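Undergrad: mind looking at a prediction? Sequence and model below.
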Amino acid sequence: MGVRPTPSAVVQSGLVATADPERPAPSAVASPASRPPEPYRTLDVRGLACPIPVARAAQTLTALTPGHVLEVLATDPDAELDVRAWATRSGDDVLSVEHSDDFVRILVRRRP
């Protein structure tokens, strides 16, 4: 019985890849920077008008642990601008904004 070599770990732009001669390498691996992080909490303020979406987002994000991500779902046409302005003042980071036909999805990370 032969001894199987231990796979070696290689760090590539934040990812750990395992080299195993018996396992083919993946053709493409998405980097963590190419996809938004999973939200820790979702705040659904669809149907509510300004200033309620940004006020609730601020209150909810302030209660989270630094580094956690809040997902805000809103239908208010000013929600994106309001959340961006608030995040800039508070030092939090807007990670992504996605518009659909019916609402906007905003991911905000609480400042560390």
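TA: Right, received. Where do you want to start?
Undergrad: where does R105 sit: helix, strand or coil?
TA: Classification of R105 by DSSP: H, G, I helix; E, B strand; the rest coil places it in strand.
Undergrad: excluding its backbone neighbours, what's nearest G91?
TA: Using CB to CB, 6 or more residues apart in numbering and skipping residues adjacent in sequence, the residue nearest G91 is R111, 4.3 Å away. Every residue, glycine included, has its C-beta placed from N, CA and C.
Undergrad: apologies, that question was intended for V54.
TA: Once flanking residues are discounted, V54 sits nearest to D82: 4.0 Å by CB to CB, 6+ apart.
Undergrad: surely the one you found is in a helix?
TA: Yes: the assignment for D82 (three-state DSSP) places it in a helix.
Undergrad: identify the residues contacting it.
TA: Taking CB atoms under 8 Å, 6 or more residues apart in numbering, we find D82 in contact with C50, P51, P53, V54, D76.
Undergrad: for A63, see how far away it is.
TA: D82 is 19 Å from A63, where distance means CB to CB, to the nearest Å.
Undergrad: ok, S90 next?
TA: Counting by CB to CB, the gap from S90 to A63 is 13 Å.
Undergrad: please apply the same query to A85.
TA: To A63, A85 is 20 Å away according to CB to CB.
Undergrad: okay, how far is it across stretch 75-83, tip to tip?
TA: Stretch 75-83 has an end-to-end distance of 13 Å (criterion: CA to CA, to the nearest Å).
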